[in-house]
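In: predicted model, plus sequence, below.
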Amino acid sequence: MSPFELSEPQTLQDAVAMLDASDTGIRPIAGGTAVMLMMKTGIFQPDRLISLRGIESRYSEVSVDDAGDLHIGAMTPLRRLEKSEEAAQAAPVIRRALRRLSNVRVRNVATLGGHLAHGDPHLDLPPVLIALGARALIVGASGERVIEIEDLFRGYLETALAPDELIAEVVVPAQGTRRATYMKHTTRSADDWPALGIAVSLELNGDEVGSARVAIGAATDTPRRLKSVEAALAGKALADETMQAAGDAAAAEAEVHSDARGSAAYKRELIRVFTRRAVRQIMEMGTGGAV
Amino acid sequence: MAGGSTTTVGHSYPRMEGRAKVTGRAEYIYNMRLPSMLHAKVHRSPISHGRILSIDTSEASAMPGVHHVITGEDVKKVLPEPYYGPAFHDQPILALDKVRHFGEPVAVVLATDPHIAETAAQRIVVDYEELPAVFDEVEALTSDVIVHEELKPAGTFADLKHLAGKRDTNIALDYHLQHGDADKAFADAEHVFEHTFRTQQTMHTPFEPMVALADVRNDHATVYSSTQGPSFVRFELARLLGWPESNVRIKTAHLGGGFGAKVYVKVEALAMALSLIAHRPVRVALTMEEQFYTITKHPSTFRIQSAVDKDGKVIGRKCEVWWNGGAYADIGPRVTQKSGFTAAGPYDIDNVAIDSYALYTNRPPAGALRGFGIPQLVWAYESHTDIIARELGIDPIAFRKQNILRNGRPQAVGTIVKDGEFEAVLDGVAERMNWNRPFDKGSGTKLRGRGVGLGFKASISPTTSSAIVSVNADGSCIVYCSTVDMGQGSDTAMAQIASEVLDIPIEKIRVVNPDTDVTPYDMSTLGSRSTFHMGHAVRLAAGDARDKLHAMAEEVGMPEGSNAPLPELFIRKFGMRAGAIVGSANYIPEFSPPNYDTGQSTNATPFWMIGATGAEVEVDTETGQLTILRLVNVCDIGTPINPIVVETQISGAAVMQLGFTLTENMVIENGQLTNPSLADYKIPGFFDMPDTMENGYIDAVQENGPFGAKGAGESGTFGVSPAIANAIDDAVGVRISEMPITAEAVFRALREKQGKPLEEN
Amino acid sequence: MGGQKKTIGFTLNGRRVAADIGVHQNLTEVLQEEFGLFGARESCGQGLCGCCTVLVNGIAVTSCLSLAAFADGADITTIEGIADGETLSAEQDAFIETGALQCGYCTPGFILMTKQLLDENPDPDDDAIMHYLSGNLCRCGAYPEILKAVKLAAQKRKAG
Ligand SMILES: Cc1cc2nc3c(=O)[nH]c(=O)nc-3n(C[C@H](O)[C@H](O)[C@H](O)COP(=O)(O)OP(=O)(O)OC[C@H]3O[C@@H](n4cnc5c(N)ncnc54)[C@H](O)[C@@H]3O)c2cc1C
Ligand code: FES
Ligand code: FES
């Protein structure tokens, strides 16, 4: 690794001040798992890193507000999020998805903020958070703004964040009676970055789907919603034909490319199968309690 | 053969170095630092084939902290013929004139700070004239792209004395075997079958990457290396330097894995040359990524044909095998030949013709990897055998048994099989799998199947091992041998053998790390030869020491059979606790060289290694995804010296082959290797393990082996790949003929079968 | 060149230590070069094999992906620090007894992860063990024996 400089601010505001809108050689580092990998492979050679590890501890906390919204500080390690009872209550799909995300050691240090800001399409939580309708609170030199997670991703390692903006917090709105599931599929070995991630969140009225949010990750250029699938589900009975239709819609809508994890044609088939299976899984969760 | 009251052989002793390993204090060469040493960082070729037009080192040299920037021409100034290799002297220490594969070393930066060396290495600018490249072994046979304009056979090893290479082709070696009259058998046959199978390029990925530290001063070179073959490295470096072998010292420690990656010269010649130039100790420590550019396993293509009579007896087999050796031959020619003669499989076939070709291509070099070519062959012949059985409607096990090679019968090479329990091994698998009981084939989108694969290997021959066993005056004992313990437990096995022969408790025995100034010659730690060859050498050396102790006892008037402790004996002889009794031995098994026209030999190998695997799989027909429900591995390893170590060798070998079967694949696109890292080159982890796995060995004795033992490090690899392919066929009726068996490959085959082929993209 | 330096102080296997490091250096490198501890070692260098595992403030981390600068003020335990003098820990004993090591390169990482797992979950089933250890790779393929070792270690810890 080529040498660089390191700053260790004590507040989020100071960290923001140290960033530079016009200099991408200055970058924040949180857990560092992605930054280190990029530096070691030479993809990224920074001049200066701004460590977020010393900023206010409230950015590493998980809590639920009176409205039932789940607040996750951007510096929260993924492992803490996985173990959080508040998060498990509010949206149990997060804990389930985390269990197969990377490994314990990486989850021990990787943060939710870093996970999202990294902008790698092959990550597990973006589709989950999109399906849950989550948003991010962003702090920059010119103030704060809120952005839907579904609007965060712009391209390979590209996000809507300016170089001098930081994610401060992620908010998952109260899920009410919605149920969600996430299907991770790997094609190269069992333990891997996903080749495909499908997250489905449904509001059920008895055996009928009220509204649906469906998001895909890894197989497409960026994590995104699959609106035709949502339409194929909304207002339909939870029956085989509906699941089939959802799968077909997903395969038709998702734009996929061939890569090391499989040909586009194969991935389209996987999308069809796993979208169907995700919906089925929600159906099989039964009606007992919010899941 | 056993000694007195100590019965050490045959017991599951925990590894001698276990404590050092679990406390993190085991010695590995990667941990070594030398005073005033420089770190080397290699600048590598970004293309697969090209002429070097110029190398600009100015920016790198100008960086503060950089001591030297060294190119192939600089090496040539101190070593006029800087080429090495066990079969051909074809590999330059640093590229000269041409680069022949992606990642080939072109220049090196030396600095005290490794980060500076790394940054500077990126600032070397090389101008190339890119040349067309050839990557496929079959194309290489007829391609206009010639990887080497000139070839220089090494003439080092007895079994490779005949190598010449063919000028203006990419053929490093062609090997031919004729046994009976294959053409006639095919003319007479009731059924004829022909299939072609392929394997991919893979890598050993030893977790301790290759490393060498060289300290050359005056007329003496010391090289610390994580090598599997210190004696060969000494030989080769002495040759390059033009020095006697006594002026070159190679030392090793424990190896963090080898699997064949660390045999012959890997980074040692480079480290030596750099130290020679810099006049300082130099450390060349590869990263995991760099190992992918250094040595790999041969991709292969195998066309196999069988002639079968009306009763299901295989009467003839023709085999054509093309081995993709990459840019430098390394030991590929031996793979071609040694493995070549077993290409027809473990069957008693009267008429066999084998043509086996080692080819140069522009891939990273290929050499030995756990099984030495055998897993590639078994993949083909056991898939082929299974297809025949299915097409003839014969149970696959019954069909194999009908044709199996038995003791007393000649193998295709002309050697009569002895102590080769092929049938018992196959039966062992069938029994554990309850082959004759009904099998649940699953339903719906989850279908199940099972399959077997049986393979075998000859030992490399003729090779020599030497050992020294020294008994100290306090009754403890030191074993000096150049067998390298890279995790296979050889130190423990050698200690057990010495313990057994000398009747000294194993706790009092120490096995010295190989050091060519101290431990005597050994051909190399490879091909599962150590237990047999070095086991014999240690046994004989210990016996020599024991005889000397007996003579000494007689001399000092201790009655025969006296159980006086050893220290007593030394005190009586030397008047105090002093002196040492040293036994030594060389071991070389008998061998008759093959006839080079027919490939026939009456004694081609001192022993046969046999391994079979049974697999039960479940296929998800909607995705092609595979679950290995059960993997059963059974081997003939003679009588184990250390049962638990042997079992873990069988198991570990099978796990490794599972990776080669399902996930591992070096992908070259546009002349570049796209996945040289564990992030993208996927080796098996916990979740890739079969749901259940059983490993075992049959009751057997290798009559000419030490305590009835023979090699066990590779046999577990043999049957894994075809067993899985055969099980897939059994489950869903599709045949995969190319490794790795990915879910997508299975899915595509399923769609093909349904008449709805999946589009390419 | 040479880059920014920093003096860090931390507790290493129970002892207060300090070192002058380059801020670009990773923790594996500093433990080796400054403290001669080689039990955490870099193999894949990318967070996949776990050979470089160390415990930082009681949490397992991948030291090849950790800046040493972040160790300032931390409490670090390496494989060299888990035996009690000459008495091996339950996990270390269990790995030897079950033959759960071959070349030994991955072993310190597996043992530290096992210790962490058993601290969190004294009675893990196969699934829990596999999930917890899935970030460690063993090229020698000792997985079946490692599974046995973890269970034996759990028993040994319970037996005290
Ligand atoms: C071995 C390994 C396996 C993995 N497997 C998986 C997997 O299976 N599934 C999966 O989803 N992921 C996987 N990952 C990726 C992992 O999830 C990410 O590396 C991690 O989440 C990044 O978090 P971090 O805190 O370490 O980010 P860092 O590396 O610190 O930062 C990542 C990026 O985000 C920026 N950044 C960090 N924090 C902020 C912030 N608050 N605001 C704005 N920008 C910020 C940094 O500048 C950098 O560009 C794996 C990683 C490794 C190393
Ligand atoms: S070396 Fe750090 S995880 Fe492999
Ligand atoms: S014991 Fe060799 S890598 Fe695990």
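Out: Perfect, I can see it now. Numbering: from 1, shown residues only, chains lettered A, B, ... in the order given. Ligands and ions are numbered 1, 2, ... in the order given.
In: going by C-alpha atoms from here, please, whenever you check contacts or count neighbours.
Out: OK.
In: residues contacting the residue nearest to residue C:114 when sequence neighbours are not counted?
Out: Leaving aside its chain neighbours, residue C:114 sits nearest to residue C:150 (6.3 Å; criterion: Cα to Cα, 6 or more residues apart in numbering or on different chains). Going by Cα atoms under 8 Å, 6 or more residues apart in numbering or on different chains, residue C:150 touches C:91, C:94-95, C:114, C:129.
In: please repeat the previous calculation with a cut-off of 10 Å.
Out: By Cα atoms under 10 Å, 6 or more residues apart in numbering or on different chains, residue C:150 lies in contact with C:90-92, C:94-95, C:98, C:100, C:110-111, C:113-115, C:117-118, C:123-126, C:129, C:156.
In: next one: residue B:678
Out: Each residue near residue B:678 by Cα under 10 Å, 6+ apart is listed here: B:205, B:288-289, B:664, C:43-49, C:137.
In: could you rerun that using 8 Å?
Out: The neighbours of residue B:678, taking Cα under 8 Å, 6+ apart as the test, are B:288, C:44, C:46, C:48.
In: low pLDDT regions in chain C?
Out: Residues of chain C that meet the criterion pLDDT under 70 lie in C:1-2.
In: break it down into its structural domains.
Out: Domain assignment for chain C, taken from automatic domain parsing, gives C:5-81, C:90-159.
In: do the first one and ligand 3 meet at all?
Out: No. Under the criterion of Cα under 6 Å from any ligand atom, ligand 3 is not reached by domain C:5-81; the shortest gap measures 8.6 Å.
In: that domain vs ligand 2: in contact?
Out: Yes. Contact of domain C:5-81 with ligand 2 (Cα under 6 Å from any ligand atom) involves C:42-52, C:62-64.
In: for whatever residue of chain C ends up closest to ligand 2, which non-adjacent residue is closest in space?
Out: Nearest residue of chain C to ligand 2, counting by Cα to the nearest ligand atom: residue C:47, 3.3 Å away. Among residues not flanking residue C:47 along the chain, residue C:62 sits closest, at 6.0 Å (Cα to Cα, 6+ apart).
In: for burial, what's the neighbour tally of that neighbour?
Out: 31 (other Cα atoms under 10 Å in any protein chain shown).
In: residue B:700 too?
Out: When neighbours are defined as other Cα under 10 Å, residue B:700 has 18 of them.
In: picking up where we left off before, the residue nearest to residue C:114: what secondary structure?
Out: Classification of residue C:150 by DSSP: H, G, I helix; E, B strand; the rest coil places it in helix.
In: and the strands in chain C?
Out: Under the criterion DSSP state E, strands of chain C are mapped to C:5-12, C:15-22, C:53-56, C:59-62, C:75-77.
In: do you know which of those strands lies nearest residue B:338?
Out: Residue B:338 lies closest to strand C:53-56 among the strands of chain C, at 41.4 Å (Cα to Cα).
In: direction included, what does the closest one pair against?
Out: Neighbouring strands of strand C:53-56 in its sheet, by DSSP bridges, are strand C:59-62 (antiparallel), strand C:75-77 (antiparallel).
In: and residue B:385, what element?
Out: Using DSSP states H and E, residue B:385 falls within helix B:374-392.
In: after that helix comes which helix or strand?
Out: Sequence-wise, the next helix or strand downstream of helix B:374-392 (DSSP H and E) is helix B:396-403.
In: in PDB, list the C-alpha atoms belonging to that next one.
Out: Taking C-alpha atoms only, helix B:396-403 is exported to PDB below (Å, rounded to 0.1, in the frame of the first residue of the first chain):
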ATOM      1  CA  PRO B 396     -21.800 -48.800 -13.000                       C
ATOM      2  CA  ILE B 397     -20.200 -50.600 -10.200                       C
ATOM      3  CA  ALA B 398     -20.800 -54.000 -11.800                       C
ATOM      4  CA  PHE B 399     -19.300 -52.800 -15.100                       C
ATOM      5  CA  ARG B 400     -16.200 -51.500 -13.400                       C
ATOM      6  CA  LYS B 401     -15.800 -54.800 -11.500                       C
ATOM      7  CA  GLN B 402     -16.100 -56.700 -14.600                       C
ATOM      8  CA  ASN B 403     -13.200 -54.900 -16.200                       C
END
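In: can you list contacts of whichever helix or strand comes after it?
Out: On the C-terminal side of helix B:396-403, the closest following helix or strand by DSSP H and E is helix B:422-432. The contact list for helix B:422-432 (Cα under 8 Å, 6+ apart) reads B:346, B:397, B:401, B:404-406, B:436, B:452, B:454, B:610-614, B:632-636, B:697-698.
In: now do stretch A:109-121
Out: So stretch A:109-121 is contacted by A:29-34, A:73-79, A:123, A:125-126, A:153-159, A:161, A:167-169, A:217-223, C:61 (Cα under 8 Å, 6+ apart).
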